[in-house]
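**Q** any chance you could fold what I've pasted below:
(one chain, ligands or ions: 1)
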Amino acid sequence: MSPILKTACEFTWACSSDRSCVAGAIGGVVTALLFCKVVYDIYVYPRYISPLRNVPGPPLGHPIYGQFLKIINGEAGIPQREWVKQYGPVVRVVGPIGIERVIFLKPEALHKVLVADWVEYPRPAFVRKVLGVVTGNGLLTVTGNEHKQMRKAMNPAFSIPNLMAQSDMYYGPIGGLIDILRTEVDSEKDRNDGKVLLMYEWLSKVTLDIICETAFGYQTDSLHNPDNELAEAYHKLTSLQTGPNMARFIAILSMPGAMKMFHSEWVYNYRHWFDKFEVTRHLSVMLESMRRVRKVSATMLQDKLRDSAVPISDSETKRDIMSILVRARKADLDSQAGGYAMSDEAMMDQVLTFLGAGHETTASGLAWTLWLLAKDPKSQQKLREEVTALYAETSRPGYRALKDLQWLECVVQESLRLMPPVPMTFRKAGKTDYIDGVLVPEGTLFYIPIRVVNTWKEVWGEDAEEFNPSRWLNLPPNYNPIFSSLSFLAGPHGCIGKTMAIVEMKAILSALIANFEFEPAYPGQIAHPTAAITMKPEDNLPLRVRRVK
Ligand code: HEM
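**A** Sure thing, here's the model as predicted:
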C-alpha cells in the first residue's frame, strides 16, 4: 500500500467518531486513490505492466503529456515518420496521461485493422466526437451495423456511371475560376511578371461550388461572391485547424455533456463568454460558423425534399448525390419492404458530411499539387503539353478523357502520395489480439499514419520523400495497390468519394495548367502544412501565376 494511502486509512480510523473528521478522511482516501491511479497510469503501467512495454519507440517523454507536445507542435505526420525511421514498422508512443498509441506499417497489419476486423477497430470516440460536431451523425461518425446500412444506401450515388454523368457539372465553377484568374493576372501592370495569388483560397471556393452542385444540385457561386455565407463559415472553421486548437477541442469534448452543449441554443446565445478565456476562445467562432453551415444545409435539403416526387428510374432527372438519395429513400418507403430509410435528420447529417468531407480535402489536394508542380517546372510543362492536346479536342473533358491521360494520373497520384490531404487517422482496439506478432490490448489507440505509410522507404525507395511523378510508370517491387498509398484509406471506412475526388482534381488541374503557369511566389518559399484533421497550406499558398503564352 502506498504511504499516502496508509496514512489516510490510519487517519480515518483514528477519527471515526467525529462526523466532519470522517468526511475529511473520506476525501483524503479518495484523493489518495486518485493520486495512486494517476501514478499507476502515468508511471507504473507503461513502464512495467503494459504488454506493449517492450515494443520499440521513443522515450516516454514528459511525465504528464508523454510525446503529445512534440506531436501537436510538429508538422502533421512528421514526428511519427521520424520514429518509424528510427524504430521500425511497429512503434509504441506514449501520449498524455500515459495513454499508449501504436503504429503499424506493414500491409498485413493494416489489412487486419482496416479491412478484415474493421468492426472491432472503429474510429475512437474522441475522433467521432470531433467529426460529429462538424459533420453530424453521418458516415464519418457511425460504426458497425449502422455504418453498413448507411454505406449500402449511399454507394449507388457514388457509382461510376453516376460520376460519369456528373463530371459535366464541374465546368460551370471551373470556367468561373479560369475567368477570375485571367482577370486577376491581367490586372497586373506587367503581365509578364504574373501576379501572386493565394491559390488555396481560390481552390477552396471552386471545390465548394463543385461539391454543392454535384452533391446537392445547389449553385453556391462562392467564386463570385466574397461574402458567401457558406464559404465564409468554412474559411473560419478551417482557419481554426491547428494542432494546439485540436488538442483543446478534444479535451473539451471529452467532458461529460460537451456534445449536448455544442447543440444547445442557450450555449449558442452566450457564446461570447468563450472569448474571455484563451482555452475556449476558438469555440465561439466555431459555434457561429457551424450555425451558418447548418442553416445553408437545411435550405439545400428542403429543396431536395421538394424534388422527391421525381421517379428514380428517370435518367434525365437530377444526378446530384442528394437527389439520388432522396429518391432512393422514397422508393424504399413506397415499397414498404422494411429497408433502410433515412430520417430527415439523418439526411441533414449526410449534407453536412459531404460538405465537410468533400470540399476542403479536395482543395488541399489540389493546392499541394500546384505547389509541387510550381517547384518542378519540367513536370508542369509535360502536363501542360498533355492537357493542351486534350483541350484542343474538347473544352469540357469528361470522366473517360481525364482518366486516359497518363501524366495527369501520375502527377495526381504522386501528389496525393506525398502530401495526403488527410495525413493521419485513428482507430481503437475493441478486442485484445495479436497484430504483426505484438499482443495489442483492448482499448489501445492506433495511429493510422497515412503520410508515413505513403513515404515509407521500404516500399518507395530512397527518394520516397521526393516528388517524382514518373515513379507511377514503373512501380517498385514492394508496391501494394491498397496499402502502399493510403490517402483515401482502405476497407469499409475508406473514402466513399475517392473516385469523385480524383476526377474533380483532374478536371480542375488540367484546366488550370492549360491556362496558367505556376511558380513559387518568392525565392526560398517554403509551404507549411497545418497539423490537424486535414493538411492545408498554413499561408493559403501564395503562388506567382502567369498566363500561358
Ligand atoms: C482528395 C480528396 C479526399 C481525400 C484525400 C479523402 C480522404 C479520406 C479519408 C482518409 C477517409 C477515411 C477517414 C477515416 O477513416 O478516419 C475518408 C472518408 C470519407 N470521405 Fe473522403 N477524401 C476526399 C474526398 C472526399 C469527397 C469528395 C467526398 C464526398 C463527396 C468524401 C467523403 C467521405 C466520406 C463520407 C467518408 C467516410 C467514409 C466511411 O466511413 O464510410 N471524401 N476520406
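**Q** only C-alpha atoms from now on, for both contacts and neighbour counts.
**A** Noted.
**Q** any idea which helix or strand comes after the helix-or-strand element of the chain with minimal mean pLDDT?
**A** Counting by mean pLDDT, DSSP states H and E, the chain has its least confident helix or strand at helix 3-14, which shows a mean of 47. Remark: after helix 3-14, the chain's next helix or strand is helix 19-39, criterion DSSP states H and E.
**Q** what is the neighbour count of N474?
**A** Burial of N474, expressed as a neighbour count using other Cα atoms under 10 Å, amounts to 7.
**Q** ditto for F277
**A** There are 9 residues near F277, going by other Cα under 10 Å.
**Q** again with A507
**A** Using other Cα under 10 Å, A507 has 25 other residues around it.
**Q** now the strands for the stretch 1-150 of the chain?
**A** 90-94, 100-104 (DSSP state E, counting those that start in this stretch).
**Q** tell me the most buried of those strands?
**A** Each of the strands of the stretch 1-150 of the chain was scored by mean neighbour count; the highest is strand 90-94, a mean of 24, by mean count of other Cα atoms under 10 Å.
**Q** direction included, what does it pair against?
**A** Using DSSP bridges, the strands paired with strand 90-94 in its sheet are strand 100-104 (antiparallel).
**Q** which bits of the stretch 251-400 of the chain sit near the ligand?
**A** On the criterion Cα under 6 Å from any ligand atom, the ligand has as its neighbours in the stretch 251-400 of the chain the residues T353, F354, A357, G358, T361, T362, G365.
**Q** er, the chain I mean
**A** Taking Cα under 6 Å from any ligand atom, the part of the chain that reaches the ligand is made up of 139-140, 151, 353-354, 357-358, 361-362, 365, 420-422, 425, 487-489, 492-498, 500-501.
**Q** where does pLDDT dip in this structure?
**A** For the chain, residues meeting the criterion pLDDT under 70 lie at 1-19, 307-317, 335-341, 531.
**Q** one more time with 80, if that's ok
**A** Flagging of the chain using pLDDT under 80 yields the residue ranges 1-23, 133-134, 136, 189-192, 235-263, 278-282, 303-319, 327-345, 531-533.
**Q** got the domain boundaries for it?
**A** Using the TED database, the domain ranges for the chain come out as 14-49, 136-422+487-547.
**Q** buried deepest among those domains, which one?
**A** Between the domains of the chain, domain 136-422+487-547 has the highest mean count of neighbours, a mean of 18, where neighbours are mean count of other Cα under 10 Å.
**Q** thinking again about what came up before, in the residues of the stretch 251-400 of the chain next to the ligand, find the pair that's most separated.
**A** Largest separation among those by Cα to Cα: T353 and G365, giving 18.2 Å.
**Q** please enumerate the strands of the stretch 401-549 of the chain.
**A** According to DSSP E, counting those that start in this stretch, the strands that the stretch 401-549 of the chain contains are 425-428, 433-435, 438-440, 445-448, 516-520, 542-547.
**Q** which one of the ones you listed lies closest to N468?
**A** Distances from N468 to each of those were compared by Cα to Cα, and the smallest falls on strand 516-520, at 17.6 Å.
**Q** list the contacts of the residue in the stretch 101-250 of the chain positioned nearest to the ligand.
**A** The nearest approach of the stretch 101-250 of the chain to the ligand comes at L140, 4.3 Å away (Cα to the nearest ligand atom). Counting by Cα atoms under 8 Å, 6 or more residues apart in numbering, L140 touches R128, L131, G132, T353.
**Q** filter those residues down to the buried ones and hand me the PyMOL line.
**A** Listed next is the PyMOL selection for buried residues among the contacts of L140, using 16 or more other Cα atoms under 10 Å:
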select buried, resi 128+131+132+353
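**Q** for the ligand, what is the nearest residue in the stretch 251-400 of the chain?
**A** The shortest separation between the stretch 251-400 of the chain and the ligand is 3.4 Å, found at G358 (distances taken as Cα to the nearest ligand atom).
**Q** not counting sequence-adjacent ones, nearest residue to that residue?
**A** Leaving out its chain neighbours, the residue that sits closest to G358 by Cα to Cα, 6 or more residues apart in numbering is I211, at 6.7 Å.
**Q** give me the contact list for stretch 489-506.
**A** Residues lying outside stretch 489-506 but in contact with it, judged by Cα under 8 Å, 6+ apart, are 114-115, 118, 155, 158, 160, 163, 167, 170, 358, 362, 365-366, 399, 402-403, 408-409, 412, 450, 482-483, 488.
**Q** got the end-to-end distance for it?
**A** Using Cα to Cα, to the nearest Å, the gap from the first to the last residue of stretch 489-506 comes to 20 Å.
**Q** and stretch 119-128, by the same measure?
**A** 15 Å.
**Q** ok, now stretch 530-539?
**A** 9 Å.
**Q** run through who's touching that stretch.
**A** Residues outside stretch 530-539 that contact it (Cα under 8 Å, 6+ apart): 72-76, 200, 241-243, 246, 360-361, 364, 367-368, 419-425, 527-529.
**Q** distance from it to the middle of the chain?
**A** Between the centre of stretch 530-539 and the centre of its chain there are 10 Å (Cα atoms, centre = their mean, to the nearest Å).
**Q** now stretch 117-133
**A** Averaging C-alpha positions (Cα atoms, centre = their mean) puts stretch 117-133 13 Å from its chain's average.
**Q** again, but for stretch 488-506
**A** That offset, for stretch 488-506, works out to 12 Å (Cα atoms, centre = their mean).
**Q** and stretch 375-388, by the same measure?
**A** 29 Å.
**Q** same check on stretch 477-485?
**A** For stretch 477-485, the distance to the chain centre is 21 Å (Cα atoms, centre = their mean).
**Q** quick one: buried residues of it?
**A** Counting neighbours by 16+ other Cα under 10 Å, one finds that the buried residues in stretch 477-485 are F483, S484, S485.
**Q** between those, which is closest to the ligand?
**A** Nearest to the ligand among the buried residues of stretch 477-485, counting by Cα to the nearest ligand atom, is S485 at 10.6 Å.
**Q** tell me who's in contact with the closest one.
**A** R417, I450, V453, N454.
**Q** which one among these gets closest to the ligand?
**A** Nearest to the ligand, judged by Cα to the nearest ligand atom, of these is I450 at 7.6 Å.
**Q** let me know whether that closest one touches P420 as I believe.
**A** Yes: applying Cα atoms under 8 Å as the test, I450 and P420 come out as touching, 7.3 Å apart.
**Q** can you tell me the closest non-neighbouring residue to C410?
**A** Taking Cα to Cα, 6+ apart, and ignoring the residues beside it in sequence, C410 has P469 as its nearest neighbour in space, at 5.0 Å.
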